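Engineer: only geometry, no sequence info:
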């Protein structure tokens, strides 16, 4: 008796179920945990058989394992489900050990039942999740994935019905409902509902982004107005747990719901189940949405490439692997069935551009770099296309350089640019010719001075030759002065012809200081007539700019004349006009024209550059518009600012010429030494610290 009491004290302290049976398998002793689990007395358990406790699906395996152990006298070990007092089957790891007497005969079986239900559940959930995620990754339709998810939940949590509500991408309404074990009329009642209106727990959970628990449908009148309670009650459902399915950015994708026949609230284990499968549903719906978006994006990209005439490509130069988009085939007029080769692409390049193109490819092979260039394609029928190529390099895991790029067919744009350039050239010419009227007096003065000198010198030369004896030395000097004055007149005419002639635009290194001096020399008489004091502050270290000399001089001329005209009616202060050149940030050169005139209103700062807008009586309103167009075509900008005092300042900034040609600024055929053939006759002021000179008058004579 004492021995049996000690046994009970020991085994009752063990959390596992312990049973001692006879050699034939009849129950002899059990611990308290067995009595509690089955809800039976020891006498009742002694009358039980295996069929009363073991799950029917597991029973054949249990009987076979027991019979084999009895026959061989060996321990047995297996896993199977055992019914609890409330009818729930739980998984146990069962191990039976034989107990022998001194003769070796089996007299007892000691059986240990270890509850592994949580582990088996976790393993089943993990396997189910893995299978679901594999289905998602393999591209199985979303409907089938969600149906499998619902069935897995219902298998894991017996006695429940699972439903997944999927919202439209904007979350405004229910797109469709997946609930394989619920009647079709349930799905039909929810599909298409507006999430912003009254609805059931699924709709409210989506709208509020929070879980909604309806523990007892029969007693909860909250859902009467929406008709939801009547619907689920007619289906025999007693409770509903609805949880929003959220994307990683908290965007609502849908709701996950579990229905039970009886009133109930989720246990911690059930809540964990809900959280896990809500996450899986989020992955499945999110992946489906991403794939749909990708398909739409690919369709949009293909259409956008077609509309914009832009193709994309990928290539690995080291292995000659090349992939083209459909639009690339159209641009290159390449048969999609033919392989793409670098040699074939090279053959498409216009012969005149082929050397440049090959240099670009060679540079890309030598050193990965961004590419951005334009070239031409020539086709067998003689047609030509202009294309713009850009690309970006990257390295793959093996270290190979790969390029991703785009090619745009800019043929129409180039034709339009050429036509626009021609029209702008016409307009610029009109603007220059218009300026000719304002310069008539100045031009006459500039030409008259050397002509007067020629006549005077020629008369003097004749007198010297008529002397007896002839003054040959004096006649020679006079003839040289005549030649000098003739050249001066020729220079003036050459400058006028260059400035007002109608010719094609050319790009060359331009010394902005020289160009400015020529313009001031050309307008000097007009400035003197208007009593304008010109101050030139030209930087000594000014680099050349790249552009068209005539067009840039047209801009300077327009700004100088506008400044002069702005001061025409000023009498209470000096009419000072300052022309300044200087280096600017970003490898630019800046030219500024500052006057002391009437200025302009703040709201007119941008209007000044609009075509046909003018503040001058009799003005055409095209000078500043053309000037801005010219400056912008040179890669720069032109703007106007109001002075702190009277007047206004107009400034333009354009890029310097490339460094390899900065030192190659050359004459356009004129003698730059003779292009400013005047000496100072009088100075109004000299600022020796800034080397700024104020010119009041100039003289062309020696």
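Structural biologist: Looks like it arrived, so ask away. The structure displayed is predicted, hence computed values, not measured ones. Residues are numbered from 1 along each chain as shown.
Engineer: okay, residue 468: pLDDT?
Structural biologist: Per-residue pLDDT puts residue 468 at 79.
Engineer: Please apply the same query to residue 2.
Structural biologist: 52.
Engineer: now swap in residue 650 and tell me
Structural biologist: 93.
Engineer: How many neighbouring residues does it have?
Structural biologist: Counted by other CB atoms under 10 Å, the residues lying close to residue 650 total 23. C-betas here are computed from N, CA, C, even on glycine.
Engineer: Check which helices and strands the helix or strand where it lies is in contact with.
Structural biologist: Under the criterion of DSSP states H and E, residue 650 resides in strand 648-655. Helices and strands touching strand 648-655, by 3 or more CB pairs under 8 Å, 6 or more residues apart in numbering; DSSP states H and E, are strand 545-547, helix 549-566, strand 588-594, helix 623-633, strand 637-642.
Engineer: show me the contacts for residue 654.
Structural biologist: Contact partners of residue 654, counting by CB atoms under 8 Å, 6 or more residues apart in numbering, are 545, 547, 552, 588-589, 631, 634-636.
Engineer: now stretch 482-496: mean pLDDT?
Structural biologist: On average, stretch 482-496 scores 68.
Engineer: I'd like to know which elements the lengthiest helix in the chain is packed against.
Structural biologist: Longest helix of the chain, by residue count under DSSP state H: helix 268-308. Contacts defined by 3+ CB pairs under 8 Å, 6+ apart place helix 268-308 against helix 117-137, helix 142-156, strand 239-246, strand 252-260, strand 310-316, helix 326-332.
Engineer: can you pull the contacts of the closest residue in space to residue 470 that isn't next to it in sequence?
Structural biologist: Closest residue in space to residue 470, ignoring its immediate chain neighbours: residue 464 at 6.6 Å, by CB to CB, 6 or more residues apart in numbering. Contacts for residue 464 (CB under 8 Å, 6+ apart) come out as 470-472, 474-475, 478.
Engineer: next one: residue 260
Structural biologist: 159-161, 237-239.
Engineer: now the residues you listed: which count as buried?
Structural biologist: 160-161, 237-239 (16 or more other CB atoms under 10 Å).
Engineer: thinking again about what came up before, name the element the residue nearest to residue 470 belongs to?
Structural biologist: Residue 464 belongs to helix 440-466, assigned by DSSP H and E.
Engineer: In CSV, list the helices and strands packed on strand 648-655 along with mean pLDDT.
Structural biologist: Putting those into CSV (pLDDT from 0 to 100) gives the following:
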stretch, mean pLDDT
strand 545-547, 89
helix 549-566, 86
strand 588-594, 95
helix 623-633, 82
strand 637-642, 90
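Engineer: Include distance to residue 120 when you put those into TSV, please.
Structural biologist: Compiled in TSV, the helices and strands packed on strand 648-655 are given as follows (distance: least, CB to CB, whole Å):
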stretch	distance to residue 120
strand 545-547	80
helix 549-566	86
strand 588-594	76
helix 623-633	76
strand 637-642	75
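Engineer: related to what we said a few turns ago, what's the angle from the strand holding residue 650 to strand 588-594?
Structural biologist: 160 degrees (axes from the mean of the first three to the mean of the last three CA atoms, to 10 degrees).
Engineer: so where's the stretch 51-200 of the chain shaky on pLDDT?
Structural biologist: Residues of the stretch 51-200 of the chain meeting the criterion pLDDT under 70: none.
Engineer: quick one: the strands in it?
Structural biologist: 76-83, 89-100, 106-115, 160-167, 174-178 (DSSP state E, counting those that start in this stretch).
Engineer: Pull the contacting residues for residue 471.
Structural biologist: Per CB under 8 Å, 6+ apart, neighbours of residue 471: 464-465.
Engineer: quick one: it and residue 456, what's the gap?
Structural biologist: 16 Å (CB to CB, to the nearest Å).
Engineer: for residue 529, same thing?
Structural biologist: Counting by CB to CB - residue 529 and residue 456 are separated by 24 Å.
Engineer: Have a look at the two and say which one is more surrounded.
Structural biologist: The residue with more neighbours, out of residue 529 and residue 456, is residue 456; 15 against 12, by other CB under 10 Å.
Engineer: contacting residues around the more buried one?
Structural biologist: Applying CB under 8 Å, 6+ apart, no residues contact residue 456.
Engineer: and it, how far is that from residue 237?
Structural biologist: On the measure of CB to CB, residue 456 and residue 237 end up 120 Å apart.
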